[in-house]
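>>> Build me a model:
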Amino acid sequence: MNTTVRWLRISYWVGAVADAGAAAVMLSQAIFGHPSPLTRYTPEVPYRYAMGLGGSLMLGWTILLLWADRRPVDRRGVLLITNVVILGLVASDIAAVLAGFVPFTSMAPLLAFQVILIVLFGGSYAIARHYVSRGGA
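Residues are numbered from 1 along each chain as shown. Okay, the predicted model is just below:
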């Protein structure tokens, strides 16, 4: 396996594992009413509904990333779309901190992880784009 494919596959699998974990947390809040690990907030019906919607989307995104892994170079654009989604999550996370819903100290590790994902996915995409432009695929 060449370096380009290796970086793409690492990106897809890291993203899929992260999304599957997020889906599990979100769906456990939606279905069982488990408190949020970040806020300890015990969810009421509107929050549970929102977590159900978000958790379902996270599960779908997990599958999308695993699908992209089947043809890593051809489907590299999934990483750019994923970065757009992550930027939206970052904006939501910052809004939650600014609104006082989540303390920054609780959100900081998640924000740091999201920045790492953006760099990983962007870098992998750039490597693949260079590889393709040089006739590699």
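>>> which residues touch residue 58?
19, 20, 22, 23, 26 (CB atoms under 8 Å, 6 or more residues apart in numbering). Where you see a C-beta, it was placed from the backbone N, CA and C, and this is true even at glycine.
>>> do residue 29 as well
With CB under 8 Å, 6+ apart, residue 29 has these contacts: 35, 36, 43, 47, 48, 51, 55.
>>> can you do 6 Å?
The neighbours of residue 29, taking CB atoms under 6 Å, 6 or more residues apart in numbering as the test, are 43, 51.
>>> List the buried residues in stretch 83-93.
83, 86, 89, 90, 93 (16 or more other CB atoms under 10 Å).
>>> now do stretch 24-42
So, applying 16+ other CB under 10 Å, buried residues of stretch 24-42: 25, 26, 27, 29, 30, 34, 36, 38.
>>> now stretch 112-120
Buried-residue list, stretch 112-120, by 16+ other CB under 10 Å: 114, 117, 118, 120.
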